[in-house]
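J.: predicted model, plus sequence, below.
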Amino acid sequence: MAIRYELIKVCKQTGARLGKLHTPHGVIDTPIFMPVGTQATVKAMTPEELKEIEAQIILSNTYHLYIRPGHDIVKKAGGLHKFMNWDRPILTDSGGYQVFSLGPLRKIKEEGVEFRSHLDGSKHFISPEKAIEIENALGADIIMAFDECAPYPADREYVKNSLERTTRWAKRCKEAHKNTDNQALFGIIQGGMYKDLREQSAREITAIDLPGYAIGGLSVGEPKPLMYEVLDYTVPLMPSDKPRYLMGVGSPDDLIEGVLRGIDMFDCVLPTRIARNGTAFTSGGKVVVRNAIYQEDFTPLDPECDCYTCRNYTKAYLRHLVKCNEILASRLLTYHNLYFLINLMKNVRQAIMDDRLMDFRNEFFEKFGYEK
Ligand SMILES: CNc1nc2cc3c(=O)[nH]c(N)nc3c(CCO)c2[nH]1
Ligand SMILES: [Zn+2]
């Protein structure tokens, strides 16, 4: 068994759970936020800095590493851990989402997906078997099944056909995946925003015996209340003794709302992406650092944060770096944003331990400026 999920406690106030996920590269505390390192790097951060902020697992991506440098080169380097000098757990997404977000550049068939590289337009074909071959070569501890993330909105007929093909593909992924002792294959539940289709997909995917399951097809532009509603009726259909991963989520409020509904794992490019365009999560809400009001503001980015950025630099300096488009701006803001979310999840885990997650949610929403 590549991974073992240990359920430690269920919060008495909510459906939240505290757990530990044991993997070949170490233990992960859940609920967990996973920084995204699409091209074998969490942009602007060194592995040492990721360890400083206590990142426990990072994501990388099958599609991107297949296109460049090629999974065979990563394999020759000794696998992704060695290639990128990261000796803690890694999760690779299957490329399902990326290939589908290539839009008109791709053609979906039963066999797999034909698409053109976003780099040079060259033609490629990824089948469930090919995705597993790539993920086996990369060597991540957790690998995702090759699926279709249905667009939003999408009509029922399309979503139904798509989820049924995703189920057939998940079975083919399981068949193709031999390295089950070292790499745990997770299935992905689809079904769009349709309750009966989500139930069908959850039934079909969890009927395939796998070490963990993800909810896909969300955080694709739907309104937040709709995402929460889909979670309300989908999470209870997932086994409670295996990890539950909500893909592509999220912002501080989405993380807390997802944990309240029983989600254990999250990933999102938001903290790293908004950092690169000069925005920070802070305990008082979002701060757009380039804003002129900070020109002579010599206070820390977040007075309540004890991270390296907040202990050593001021808003005025960070604004200056952003205005000059200096590389250090991305580094310092990324460092803080990742620290903010990782620290938020540490506080969420403590609140579950203390049976007070709903109180924690209300306090956080009050301070962060979210409507209750
Ligand atoms: C940002 N929103 C988002 N929604 C997602 C939905 C999916 C999905 O349905 N399937 C797969 N394989 N990956 C997904 C990913 C990439 C990982 O963050 C998503 N990312
Ligand atoms: Zn900070």
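T.: Structure received. Ligands and ions are numbered 1, 2, ... in the order given.

J.: quick one: contacts for the residue of the chain positioned farthest from its centre?
T.: In the chain, counting by C-alpha atoms, centre = their mean, Glu296 sits farthest out from the average C-alpha position, at 36.2 Å. The contact partners of Glu296, taken as C-beta atoms under 8 Å, 6 or more residues apart in numbering, are Ala316. In short, each C-beta sits where N, CA and C put it, glycine included.

J.: tell me the secondary structure at it.
T.: Counting by DSSP: H, G, I helix; E, B strand; the rest coil, the backbone at Glu296 sits in coil.

J.: for Ile32, give me its contacts.
T.: Leu21, Gln56, Ile57, Asp264, Met265, Phe266, Met345.

J.: burial of Pro69, as a residue count?
T.: Neighbour count for Pro69, taken as other C-beta atoms under 10 Å: 15.

J.: any idea how far it is from ligand 2?
T.: 33 Å (C-beta to the ion, to the nearest Å).

J.: contacts only, for the residue nearest in space to the middle of the chain.
T.: A centroid search over the chain (C-alpha atoms, centre = their mean) returns Asp267, at 1.5 Å, as the residue closest to the centre. Shown in contact with Asp267 (C-beta under 8 Å, 6+ apart): Phe33, Met34, Pro35, Val36, Leu59, Leu91, Asp93, Tyr245, Met247, Gly248, Val249.

J.: for the second one, what are phi and psi?
T.: So that's Met34. Dihedral pair for Met34: phi -110, psi 110, per degrees, to the nearest 10.

J.: torsion angles phi and psi at the closest residue to it other than its chain neighbours?
T.: Nearest non-adjacent residue to Met34, counting by C-beta to C-beta, 6 or more residues apart in numbering: Asp267, 4.3 Å away. Dihedral angles of Asp267 (phi, psi; degrees, to the nearest 10) stand at phi -140, psi 150.

J.: got the residues of the protein near ligand 1?
T.: For the chain, the residues in contact with ligand 1 (C-beta under 6 Å from any ligand atom) are 93-94, 96-97, 144, 147, 149, 188, 216-220, 247-248, 267.

J.: from those residues, which land in helices?
T.: Gly96, Tyr97 (DSSP state H).

J.: of the residues of the chain next to ligand 1, grab the buried ones for PyMOL.
T.: Command for PyMOL that selects the buried part of these, burial taken from 16 or more other C-beta atoms under 10 Å:
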select buried, resi 93+94+96+97+144+147+149+188+216+217+218+219+220+247+248+267
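
J.: can I see the domain layout of this structure?
T.: With domains defined by the TED database, the chain comprises 4-267, 275-368.

J.: measure the shortest one end to end?
T.: By C-alpha to C-alpha, to the nearest Å, the extent of domain 275-368 from end to end equals 18 Å.

J.: excluding chain neighbours, what is closest to Cys310?
T.: Pro300 is the one closest to Cys310 (C-beta to C-beta, 6+ apart), at 4.3 Å.

J.: helix, strand or coil: sort out Phe115 for me.
T.: Phe115 - assigned by three-state DSSP - is strand.

J.: good, wrapping up.
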